[in-house]
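K.L.:
Provided below for reference: sequence and predicted model.
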Amino acid sequence: MPLSESLVRELRRALPEGRMLENEPMSAHSSFRIGGPARAFCLPEDEAEAARLLALLHGEGVRPVIVGSGTNLLVPDEGLDAVVLCTAALGSVSAEGDGALSAGSGCPMARAASAAQRAALSGLEFAHGIPGSVGGGVFMNAGAYGGEIKDVLVSARVLAPDGTAETVKAEELGLEYRRSALEGSGRLVVSATFRLEPGDGEEISARMRAFAERRRASQPLDLPSAGSTFKRPEGGYAAAMIDQAGLKGLSVGAAKVSEKHAGFIVNAGGATYADVTALIDEVRRRVFERFGVTLEPEVRILGPEG
């Protein structure tokens, strides 16, 4: 159902100028650089503001599309007739003592890892190469280079769909490989607390540089993408299967399977939502045909209403 003009007016009143944007192009908020305008794009700056927005929307029976840095997001070209609640402004990060590091959900994972390094805290080095935000990392239990969010997460501050806040322990979040109990719940991560180990700042920095070099050497960072397109299937690796099926370089329109890393679909210039989704479907079909394995997208693919 289309958003009412009265709700849009209420959202405009609820946030200062510049933090409720109407018809905001989602291509500017997605690493794929794809996506039409969102009817209402909201940027709360703290927990109280986010809670008020959620309570307002809940009272109107409207469920927002919650996004962070958009590095795992594919948005339709026609846009979203929806309220997008973006956590990008919730970007604080600080070392709290006793090995604890707290970060807002909009804090980039790389910034959180750098803050840990400056505090001589080890455990988040793997996150330095993850392009997403802390909230998205918790939401999907992000990981890289043998580390995962669940290895270091203590708790997350979470808002329910009605704006009610609670602190949830990591073990209650159902963190598994690239998923959590937050999926489909409508809950919003406001911040997270990590427990790290004391370490040597120079050694931590060296590990982060090594991970960054591996990433630059193996991933197509020169083209827009949403990172790994598919989750790792049981008993194998998506990229290896795609490569062995001869799909490197396969394209639909301007969407292309990277020739550098088969696990990435990239925007080679002007790709559309239809191009990417068609290519995802074709890769899945051919991999199933070759290996009998159904690949599950890791990319969050939205419809016109979110």
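P.N.:
That came through fine.
K.L.:
Leaving out chain neighbours, which residue sits closest to residue 145?
P.N.:
Nearest non-adjacent residue to residue 145, counting by Cβ to Cβ, 6 or more residues apart in numbering: residue 126, 4.7 Å away. Using the backbone N, CA and C atoms, a C-beta is placed for each residue, glycine as well.
K.L.:
just checking, the one you found touches residue 144?
P.N.:
Yes. Checked against Cβ atoms under 8 Å, the pair residue 126 and residue 144 is within contact range at 5.0 Å.
K.L.:
re earlier: how many other residues sit next to the residue nearest to residue 145?
P.N.:
Counted with other Cβ atoms under 10 Å, residues neighbouring residue 126 total 22.
K.L.:
Strands of the stretch 51-200 of the chain, start to end?
P.N.:
65-67, 73-74, 80-86, 93-97, 100-104, 121-122, 143-144, 147-148, 153-159, 165-169, 188-195, 197-198 (DSSP state E, counting those that start in this stretch).
K.L.:
Can you say which of those strands is nearest to residue 176?
P.N.:
Closest to residue 176 of these is strand 147-148 (Cβ to Cβ; 9.5 Å).
K.L.:
Quick check: end-to-end length of stretch 24-37?
P.N.:
5 Å (Cα to Cα, to the nearest Å).
K.L.:
Could you do stretch 112-129 as well?
P.N.:
End to end - Cα to Cα - stretch 112-129 spans 11 Å.
K.L.:
Given the helix or strand of the chain with the lowest mean pLDDT, what are its sheet partners and their directions?
P.N.:
Least confident helix or strand of the chain, by mean pLDDT, DSSP states H and E, is strand 143-144 with a mean of 90. Here strand 143-144 is paired, per DSSP bridges, with strand 147-148 (antiparallel).
K.L.:
Averaged pLDDT, the partner strand. What do you get?
P.N.:
Mean pLDDT, computed over strand 147-148, is 94.
K.L.:
Show me the contact partners of stretch 271-287.
P.N.:
32, 34-35, 74-77, 229-230, 238, 241-242, 245, 247, 250-257, 265, 267, 293-295, 297, 299, 301 (Cβ atoms under 8 Å, 6 or more residues apart in numbering).
K.L.:
Out of those, which end up buried?
P.N.:
For the contacts of stretch 271-287, a burial check counting by 16 or more other Cβ atoms under 10 Å picks out 32, 34-35, 74-76, 229-230, 238, 241-242, 245, 247, 250, 252-257, 265, 267, 295, 297, 299.
K.L.:
In strands, which of those residues appear?
P.N.:
Taking DSSP state E as the definition of strands, the buried ones among the contacts of stretch 271-287 contribute 74, 252, 255, 256, 257, 265, 267.
K.L.:
hang on, the earlier thing: I'd like to know which of the strands of the stretch 51-200 of the chain lies nearest to residue 57.
P.N.:
Nearest to residue 57 among the strands of the stretch 51-200 of the chain is strand 80-86; the distance by Cβ to Cβ comes to 6.1 Å.
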